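> starting from these lines, generate the structure:
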Amino acid sequence: MNTTRSRYTRANYAVNQTTAWEMLSEDQSEELFMTTLEVLERTGVEILNQEARGIFEKAGCWVDGNRVRIPSAVTEMAVKNTPSRVTVCDRNGKRALKLETTNAYYGPGQGNVYVLDPMTSDWRKPVKEDVAKTAIVCDGLQNIDFVMNNGLPTDVNASTAEVHAFEALITNTTKPIIQAIPGVKQAQAILDIAAAVAGSLREFQKNPFAVFLIETEGTLVHSEETLAKVLFAARNGVPYVYATKLIAGETSPVTPAGAIVVALADVLVGIVLGQLVRQGAPVIAGGFFTIKNQETGIISYGAPEISLMGTGMANVLRFLRIPSFGFAGATDAKVSDAQMGLEAAFSILHAGMSGTSLIYGCGQLEYGQTGSLELLVMGDEVMGMTRRMMKGVEVNEERMARGVIDAVQPGGHYLGEDHTLKYFRTETWWPTVMNRARIADWEANGSKSLGQRVKEKTQSIINTHQSEKLSAEVLSKIQTIVNGADAR
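Numbers count the residues shown, from 1 in each chain. As a prediction, the model looks like this:
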């Protein structure tokens, strides 16, 4: 292709490969980290797990009752030993999520109390079939990179609901799974299922397609069960997310900087413990930051502060070279309306531009109470737009097209050029549910709103998408494990 490129050498040529937003400088991130080290060393944290206290004490921490003060050297060594990259595979062992640098991956929310039925629009409690539908929809969406259960099933044994949810996910999608674990017994059953799918525990450890989600209570208190799950994950070589949930002004300082310090102190506890048990244990850190309406008691899922504090946390974790876990794509709206679109879109864009490694939360209505597959489908569209913006403008000799411009000449057009044919699809983003048709064509197709088109696409995926199935032998093994968990 003619570029009329002259022979030259560029000196000190800087490139912005992607569009990115970094809220905190390295100096600010370092200052937040140093403050967090002081909190862990001077104030300390409440460790309610006896075995964990013993591990901390053996490592040189100061233990007084349940209070554990962690010397800065212990924390810094653990951070140094934490992998700067964690790779998660799909169900077939293909490398899918490369959690490193500023790579960003999107997925749904989890643990909703209710679901908005995508077929009937009924508002009801979730059942196991809803988890299966979530997996199918995620499997059929281009920009959803991993899956989570969008509502804990209520039609199964409550003590093993997450085991049933994992079964529904693993049998209906090949995409990586972020799986919440309520306790060690359920974690063992989930790990057994993963090993059965991979062929063995060793094979799963080599190419993990599931990540344990471990959520701490926040406020610098770590329960016996929470830390038992950290010990289990680290000892078994399972990648885990250690996440906190903080409400600014209630369970953390009201200032974003103060909230980030408390959140960082919380997640570092899970990181330090994991590294003391197994050096190099793969961990992703982060969580959910929000505000609370003191008049109504409602905890917001669509507030801009979620993105603000989440970006700050992602920046600090990036400074520490630890993969991050953040929140986006949810709303406080109750139905599919403009508020839903605005809140979800802004947070999806924000989290992606900040380079958060794992971004969960899409598909949650009504301040996280209700799961909506329609919002997930709409969010997939926004993720596609965001990724195009993040791709930025690639500047090289061929893309600048100076030879093409000269060949076309002023007043000409570029439709017939090989250059246009080559780059037309790759340089332009095309929507799947948003409408760019002429008004006459839009009217001829039923004058459908965005909400109607999203509903139709959601139903179409559920009705027609065929995800790759597991073999009958593996399905039988999974069923045996699930039955055994229920019996216990």
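
> what stretches of the protein score poorly on pLDDT?
Scanning the chain for pLDDT under 70 picks out 1-12, 17-20.

> swap in 50 and give it another go.
In the predicted model, the chain carries no residue with pLDDT under 50.

> and the longest helix for it?
helix 256-277 (DSSP state H).

> can you name the next helix or strand after that one?
strand 283-290 (DSSP states H and E).

> angle of that next one against helix 256-277?
Here the directions of strand 283-290 and helix 256-277 differ by 150 degrees (axes from the mean of the first three to the mean of the last three Cα atoms, to 10 degrees).

> what about strand 283-290, distance to the chain center?
10 Å (Cα atoms, centre = their mean, to the nearest Å).

> what strands line up against it, and which way round?
If you go by DSSP bridges, strand 283-290 pairs up with strand 240-247 (parallel), strand 324-327 (parallel).

> helix or strand next in line after the last one, which one?
Spelled out, it's strand 324-327. Going down the chain from strand 324-327, the next helix or strand is helix 338-354, by DSSP H and E.

> helices and strands around that following helix, which ones?
Here helix 338-354 is seen to pack against helix 304-320, strand 324-327, strand 358-362, helix 373-391 when contacts are counted using 3 or more Cβ pairs under 8 Å, 6 or more residues apart in numbering; DSSP states H and E. All C-beta atoms are positioned from the backbone trio N, CA, C, and that covers glycine.

> quick one: which of those is nearest Ser159?
strand 358-362 (24.2 Å; Cβ to Cβ).

> what would the strands paired with strand 283-290 look like in a markdown table with mean neighbour count?
A markdown table is the format used below for the strands paired with strand 283-290 (neighbours: other Cβ atoms under 10 Å):
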| stretch | mean neighbour count |
| --- | --- |
| strand 240-247 | 24 |
| strand 324-327 | 29 |
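
> for Ser447, which of those is the nearest?
Of all those, strand 324-327 comes closest under Cβ to Cβ, at 35.2 Å.

> what about that closest one, distance to the chain center?
The chain centroid and the centroid of strand 324-327 are separated by 6 Å, computed with Cα atoms, centre = their mean.

> only C-alpha atoms, please: export that strand in PDB.
Output in PDB follows, covering the C-alpha atoms of strand 324-327 (Å, rounded to 0.1, in the frame of the first residue of the first chain):
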ATOM      1  CA  SER A 324      -7.600  -4.900  41.100                       C
ATOM      2  CA  PHE A 325     -11.300  -5.700  41.600                       C
ATOM      3  CA  GLY A 326     -13.900  -2.900  41.100                       C
ATOM      4  CA  PHE A 327     -17.500  -2.200  40.600                       C
END
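
> contacts for that strand next, please.
Where contact means Cβ atoms under 8 Å, 6 or more residues apart in numbering, the residues beyond strand 324-327 that reach it are 241, 243, 284-289, 306, 310-311, 313-314, 317-318, 347, 351, 354-361.

> export the strands paired with strand 283-290 as JSON lines, with columns for distance to Ser471.
Shown next, in JSON lines, are the strands paired with strand 283-290 (distance: least, Cβ to Cβ, whole Å):
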{"stretch": "strand 240-247", "distance to Ser471": "28"}
{"stretch": "strand 324-327", "distance to Ser471": "32"}
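
> for Asp380, see how far away Leu213 is.
Going from Leu213 to Asp380 by Cβ to Cβ, to the nearest Å gives 21 Å.

> of these two, who's got more company?
Asp380 (26 against 23; other Cβ atoms under 10 Å).

> which residue, other than its chain neighbours, is closest to the more buried one?
Leu141 (4.3 Å; Cβ to Cβ, 6 or more residues apart in numbering).

> what sits against the one you found?
Leu141 touches Leu376, Val377, Asp380, Ile461, counting by Cβ under 8 Å, 6+ apart.

> can you give me the domain assignment for this structure?
Per automatic domain parsing, the structural domains of the chain span 80-391, 395-430.

> quick one, which of these is nearest to Lys455?
Closest among the domains of the chain, using Cβ to Cβ: domain 80-391, at 5.7 Å.
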